[in-house]
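Peer 1: Here's my sequence, what's the structure:
(chains A, B, C and D)
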Protein chains: 2
Amino acid sequence: MKIDDFPEEGARSVTTVETNFRLLEALRKSEGAGVTELADELSLTKSTVHKHLTTLRKLGYIVKEGTTYRLGISLLGLGTAARSQLPFYETAKEPLEKLSDTTDEVATLVVPEHGYGVYAFREGPVDDRKTHRQAGARIPLHRTAGGKAILAYTPTEIRDRIFRHRDVKFDSEERDTLARELQNIRDTRTAYDRGEYIDDWYCVAVPITDADRNAVGAVTVSGPADRMEGKLSRNDIPNLIGHTANSIQNRLRSN
Amino acid sequence: MKIDDFPEEGARSVTTVETNFRLLEALRKSEGAGVTELADELSLTKSTVHKHLTTLRKLGYIVKEGTTYRLGISLLGLGTAARSQLPFYETAKEPLEKLSDTTDEVATLVVPEHGYGVYAFREGPVDDRKTHRQAGARIPLHRTAGGKAILAYTPTEIRDRIFRHRDVKFDSEERDTLARELQNIRDTRTAYDRGEYIDDWYCVAVPITDADRNAVGAVTVSGPADRMEGKLSRNDIPNLIGHTANSIQNRLRSN
DNA sequence: GTTTTTGTTCGCACTTTGCGAACGCCTATA
DNA sequence: TATAGGCGTTCGCAAAGTGCGAACAAAAAC
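Peer 2: Numbers count the residues shown, from 1 in each chain, chains lettered A, B, ... in the order given. Model (predicted):
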């Protein structure tokens, strides 16, 4: 229900709000920007950008330092509220921290949300200022370990709807390969990404499913290709992830 | 600069954006709500609310399950991006986790932002679904330990500007009491909140200051009054916090 | 000292918001 | 099974407010 929640095309929407969020996303990427810079980037006039920024500043969601604008820490409040409403977040947090500790790699909790995977939690030995790796970042479902773990436990028609919406095209060969891979994931409960999504970055994932065997999330461990290669050959990682995922899943289902 | 960043009164702003964020804040508090409920709460028509929700859904920031709308995990991305742009967040995280571990209480990093304190980080043994205690939540500066630690290292004229903006009124006695307390904080580098802000909840804080001796944040430890009372009498907590704050401060200043 | 680039303000045309009313669906109750 | 009241959704339209452009101010670059 949640994973493929898209409004119908042509549904009426508020363009002013869209503009506003384009601004926020621009600020997210640029870590501090001025009015002209943002206006150029988004093809808006300076006055429009200025008015929007002033509004956000008044609301306390962005901050102005000298002549540059930045996202405000207050924005975290919306995200953490969303996260705490996840039925399994509080129980997942500790096991994930432990998982990251024992593997000494990055552990994440991925959750499906309108056709993407979204990191609900991310913890590990990597100081990461890259926004696309932080909690809240969106990742493609069909090219990541966590995403594929989720897709493997998602009904076909929903899967197709997602691909259609996200404009993911497969030729028939790619389609077969994916189908085989998903079957394999269902057999082993383990999904892999060997540098598919980010070069030299390996990731292993185990799905979390609800009582109907539909994916509600995935637990992942990821790290640099060479280091992960070694750890994987010792074959302990998938089991550790599996235990973490299972304990979260059990506590979820016993509610 | 950041702490008292307010747009001039009467500055032009975009009312549509304000409405949209009122909606998001309503969703934040209600953990899932329907169109009618939100329309009533915000005194808007159902059609207006519906259009805004559809827009946010299209952008992927909220999610519709059946007939209720919830905040989406994607919102986390904006907040984590803001946080990672803090010059001392990455270095502060680990010491704070350790502080929470050794004290076995909640440890936080509070940062000043337009007249409030904002939790940039919060970690501890309390499963907290209350939004006003999560990372990103805003707390009053003059009634909390973290806030007072920050105020103690903020120039008087900025302090007054904040109080004016946040509509905090003091009679002359209260003003004197606060002044004495802030002086005491400067002498000891330690601020206390003994149930002032939340009943039966004690908090201890140490400021983080920049090279000009202006506050850029505060490290706090907090917990239930009785338990904290005991721990404080053994007098180890303020020192632990102090060490954590100092190590963050040193690394910040050596950049 | 001059030129360029930046942020900010203002008034206005036109896009768009937000409203109200109507519709259809589902649930509760008789 | 009928019916009433609740809900979310759709639509057209008037009023409102967005977004533009031009002009100004202030700072930075040359």
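Peer 1: Can you give the domain ranges for chain A?
Peer 2: A:15-73, A:78-253 (automatic domain parsing).
Peer 1: For the shortest one, give the mean pLDDT please.
Peer 2: Per-residue pLDDT over domain A:15-73 has a mean of 97.
Peer 1: And the last one, by the same measure?
Peer 2: On average, the pLDDT along domain A:78-253 is 95.
Peer 1: what's the span of it, first residue to last?
Peer 2: End-to-end distance of domain A:78-253: 27 Å, with CA to CA, to the nearest Å as the criterion.
Peer 1: doesn't A:Val110 fall inside a helix?
Peer 2: No - using DSSP: H, G, I helix; E, B strand; the rest coil, the assignment for A:Val110 is strand, not a helix.
Peer 1: export stretch A:37-56 as PDB, just CAs?
Peer 2: The C-alpha coordinates for stretch A:37-56 follow below in PDB (Å, rounded to 0.1, in the frame of the first residue of the first chain):
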ATOM      1  CA  GLU A  37      22.900  31.100  -7.300                       C
ATOM      2  CA  LEU A  38      19.600  29.400  -6.400                       C
ATOM      3  CA  ALA A  39      17.600  31.500  -8.900                       C
ATOM      4  CA  ASP A  40      19.900  30.500 -11.700                       C
ATOM      5  CA  GLU A  41      19.800  26.900 -10.700                       C
ATOM      6  CA  LEU A  42      16.000  26.700 -10.600                       C
ATOM      7  CA  SER A  43      15.200  29.100 -13.400                       C
ATOM      8  CA  LEU A  44      13.400  31.500 -11.100                       C
ATOM      9  CA  THR A  45      13.800  35.200 -10.600                       C
ATOM     10  CA  LYS A  46      15.800  36.500  -7.700                       C
ATOM     11  CA  SER A  47      12.700  38.200  -6.200                       C
ATOM     12  CA  THR A  48      10.800  34.900  -6.100                       C
ATOM     13  CA  VAL A  49      13.600  33.000  -4.500                       C
ATOM     14  CA  HIS A  50      14.100  35.700  -2.000                       C
ATOM     15  CA  LYS A  51      10.500  35.700  -1.000                       C
ATOM     16  CA  HIS A  52      10.400  32.000  -0.500                       C
ATOM     17  CA  LEU A  53      13.600  32.000   1.500                       C
ATOM     18  CA  THR A  54      12.200  34.700   3.700                       C
ATOM     19  CA  THR A  55       9.100  32.600   4.300                       C
ATOM     20  CA  LEU A  56      11.100  29.600   5.300                       C
END
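Peer 1: does that stretch come close to chain B?
Peer 2: Yes - using CB under 8 Å from any CB of the partner chain, stretch A:37-56 reaches chain B at A:Lys51, A:His52, A:Thr54, A:Thr55, A:Leu56. Quick note: C-beta positions are derived from backbone N, CA and C, even for glycine.
Peer 1: Check the offset of the helix or strand hosting the first one from the chain's centre.
Peer 2: For A:Lys51, the host element (DSSP states H and E) is helix A:46-59. Per CA atoms, centre = their mean, to the nearest Å, the displacement of helix A:46-59 from the mean C-alpha position of its chain is 29 Å.
Peer 1: which residues make contact with that helix from outside it?
Peer 2: Under the criterion CB atoms under 8 Å, 6 or more residues apart in numbering or on different chains, residues A:19-20, A:23-24, A:35-36, A:38-39, A:42, A:62-64, A:69, B:5-7, B:11-14, B:17-18, B:21, B:114 lie in contact with helix A:46-59.
Peer 1: Of those residues, which belong to helices?
Peer 2: A:Thr19, A:Asn20, A:Leu23, A:Leu24, A:Val35, A:Thr36, A:Leu38, A:Ala39, A:Leu42, B:Val17, B:Glu18, B:Phe21 (DSSP state H).
Peer 1: Quick check: the third one touching A:Ala39?
Peer 2: No - with contact defined as CB atoms under 8 Å, A:Leu23 and A:Ala39 do not form a contacting pair (9.8 Å).
Peer 1: The residue in the stretch 101-250 of chain A that chain B sits nearest to and A:Val204, how far apart?
Peer 2: Nearest residue of the stretch 101-250 of chain A to chain B: A:Gly136, at 2.9 Å (CB to the nearest CB). Shown here: A:Gly136 relative to A:Val204, a distance of 22 Å by CB to CB, to the nearest Å.
Peer 1: Around chain B, pick out the residues from the stretch 101-250 of chain A.
Peer 2: For the stretch 101-250 of chain A, the residues in contact with chain B (CB under 8 Å from any CB) are A:111, A:113-114, A:116, A:118-120, A:127-129, A:131, A:134-138.
Peer 1: one more time with 10 Å, if that's ok
Peer 2: Counting by CB under 10 Å from any CB of the partner chain, the residues of the stretch 101-250 of chain A close to chain B are A:109-123, A:127-138.
Peer 1: Among these, name the buried ones.
Peer 2: Using 16 or more other CB atoms under 10 Å in any protein chain shown as the burial test, these include A:109-123, A:131, A:133-138 as buried.
Peer 1: from those residues, which ones fall inside strands?
Peer 2: A:109-113, A:116-123, A:138 (DSSP state E).
Peer 1: Assess the claim that A:Val206 and A:Arg186 are in contact.
Peer 2: No - using CB atoms under 10 Å, A:Val206 makes no contact with A:Arg186, being 11.9 Å away.
Peer 1: Around DNA strand D, pick out the residues from chain A.
Peer 2: By the rule CB under 7 Å from any atom of the strand, the part of chain A lying against DNA strand D is A:8, A:11-12, A:15-16, A:19, A:44-48, A:51-52.
Peer 1: The helix or strand containing A:Ala218: what's the following helix or strand?
Peer 2: In this structure, A:Ala218 sits in strand A:215-224 according to DSSP H and E. Later in the chain than strand A:215-224, the nearest helix or strand by DSSP H and E is helix A:225-233.
Peer 1: So which elements touch the next helix or strand after that next one?
Peer 2: Later in the chain than helix A:225-233, the nearest helix or strand by DSSP H and E is helix A:237-253. Here helix A:237-253 touches helix A:89-103, strand A:106-113, helix A:145-151, strand A:191-194, strand A:201-209, strand A:215-224, helix A:225-233, going by 3 or more CB pairs under 10 Å, 6 or more residues apart in numbering or on different chains; DSSP states H and E.
Peer 1: Would you indicate which residues of helix A:237-253 are buried?
Peer 2: A:Ile237, A:Pro238, A:Leu240, A:Ile241, A:Gly242, A:Thr244, A:Ala245, A:Ile248, A:Gln249, A:Leu252.
Peer 1: which residues does the nearest residue to A:Gly115 once chain neighbours are set aside contact?
Peer 2: If you skip the residues right next to it in sequence, A:Gly115 has A:Ile162 as its closest partner in space, 4.4 Å away by CB to CB, 6 or more residues apart in numbering or on different chains. Residues in contact with A:Ile162, defined by CB atoms under 10 Å, 6 or more residues apart in numbering or on different chains, are A:Ile3, A:Asp4, A:Phe6, A:Pro112, A:His114, A:Gly115, A:Tyr116, A:Leu141, A:His142, A:Leu151, A:Thr154, A:Val168.
Peer 1: now A:Asp176
Peer 2: A:Phe170.
Peer 1: Give the buried residues for the strand holding A:Ala218.
Peer 2: Result for strand A:215-224 [16+ other CB under 10 Å]: buried residues A:Ala215, A:Val216, A:Gly217, A:Ala218, A:Val219, A:Thr220, A:Val221, A:Ser222, A:Gly223.
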